[in-house]
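Enquirer: build me a model:
(one chain, ligands or ions: 2)
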Amino acid sequence: MLQVSAQSHIASETVINVSNLNHYFGDGGLRKQALFDINLEIKAGEIVIMTGPSGSGKTTLLSLMGGLRSAQEGSLQILGQEMCSASKGQLTKLRRQIGYIFQAHNLMTFLTAKENVRMSLELHEDYLQGDINAKAIAMLETVGLGNRVDYYPESLSGGQKQRVAIARALVSHPQIVLADEPTAALDKKSGRDVVELMQKLAKEQNCTILLVTHDNRILDIADRIVYMEDGQLKSDGVDIGVKVN
Ligand code: ADP
Ligand code: MG
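Expert: Ligands and ions are numbered 1, 2, ... in the order given. Below is the predicted model of the structure:
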């Protein structure tokens, strides 16, 4: 059974703890190592930005942290739970505790904005007791889309779709948000708006954010910037000191 090491979690408030993590794609002669000996610790409430060239392993690392693929070798502890060699059930349980924001927003095209946001609450039994419609609408109002709740994604702009994705990721108050190039498809202004919104909501909800980006214009929202290259974490953190708010 899964053991939650509550003690160490409270003492250090470490929510993500990666040590000596390796990852491989393919089998036999086609086996290729994508991650090499990754070590990284992220504390509760931290906003960490990960940068690095395309193909350096950022998405692979994020998908392991989010339980979207199984960790193979080394140790990957998320919220005190070891994810290396975790069962499907454990991965599923983990996924419900995490909010995801991807570049291609991945909204359900046949659901309205409200229904997309509501869907993420439907995964949580404790929310089902309450009025999930009202919660979804309130969250959309927070991201400035109170007047678009019944719109389908095709009738929303890129920035608006990304806001729906943010609302969907944050509505269930996850302890961790993983965002993979969330501003890549947005113009400068909407990109900036979207990350500032994530930052604000995360600080209000005290959640940890790990955000992959190539976008130099948003680096200042981070508490720490980490750098990946060729499957290796070259720097586990430039502490950029006082935050610009
Ligand atoms: P990044 O997100 O930094 O651009 P990725 O994590 O997507 O990098 O990719 C890291 C490396 O792993 C690349 O060499 C990529 O080709 C390889 N890779 C990623 N996903 C897969 C996959 N599903 N199967 C095989 N190789 C993959
Ligand atoms: Mg990627």
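Enquirer: what residues does the protein have near ligand 2?
Expert: Residues of the chain lying close to ligand 2 by CB under 5 Å from the ion are 58, 59. C-beta: built from backbone N, CA, C; applies to glycine.
Enquirer: longest helix in the chain, please.
Expert: In the chain, assigned by DSSP state H, the helix with the most residues is helix 188-205.
Enquirer: tell me which element residue 35 is part of?
Expert: Residue 35 belongs to strand 32-43 when assigned by DSSP states H and E.
Enquirer: what's the following helix or strand past the longest helix of the chain in contact with?
Expert: Using DSSP H and E, the next helix or strand after helix 188-205 towards the C-terminus is strand 208-212. Contact with strand 208-212 is made by 15-16, 42-51, 58-59, 62, 65, 175-182, 195, 198-199, 202, 222, as judged by CB atoms under 8 Å, 6 or more residues apart in numbering.
Enquirer: buried ones among the residues you listed?
Expert: Neighbour-count burial within the contacts of strand 208-212 applies to 15-16, 42, 44-51, 58-59, 62, 65, 175-182, 195, 198-199, 202, 222; the criterion is 16 or more other CB atoms under 10 Å.
Enquirer: from those, which land in helices?
Expert: Per DSSP H, the subset of those in helices is 58, 59, 62, 65, 195, 198, 199, 202.
Enquirer: which two from those end up farthest apart in space?
Expert: 59 and 199 (21.6 Å; CB to CB).
Enquirer: so which residue is smack in the middle of this structure?
Expert: By CA atoms, centre = their mean, the mean C-alpha position of the chain lies nearest to residue 178, the distance being 0.9 Å.
Enquirer: wait, that one sits on residue 66?
Expert: Yes. With contact defined as CB atoms under 8 Å, residue 178 reaches residue 66; the gap is 5.0 Å.
Enquirer: between these two, which contacts overlap?
Expert: 98, 100.
Enquirer: helix/strand/coil for residue 151?
Expert: State at residue 151, reduced to three classes by DSSP: H, G, I helix; E, B strand; the rest coil: coil.
Enquirer: that one and residue 111 touch, don't they?
Expert: No. Contact criterion CB under 8 Å: residue 151 and residue 111 do not qualify, at 10.7 Å.
Enquirer: if we can go back for a sec, the longest helix of the chain vs strand 208-212, what angle?
Expert: 160 degrees (axes from the mean of the first three to the mean of the last three CA atoms, to 10 degrees).
Enquirer: list the buried residues of helix 188-205.
Expert: Buried-residue list, helix 188-205, by 16+ other CB under 10 Å: 190, 191, 192, 193, 194, 195, 197, 198, 199, 201, 202.
Enquirer: what's next to that helix, contact-wise?
Expert: Under CB under 8 Å, 6+ apart, the answer for helix 188-205 is 45, 47, 101, 142-144, 157-159, 162-163, 166, 170, 173, 177, 179, 182-183, 186, 208-209, 211, 215, 217-218, 221.
Enquirer: now with 7 Å, please.
Expert: 47, 143, 158-159, 162-163, 166, 170, 173, 177, 179, 182-183, 186, 209, 215, 217-218, 221 (CB atoms under 7 Å, 6 or more residues apart in numbering).
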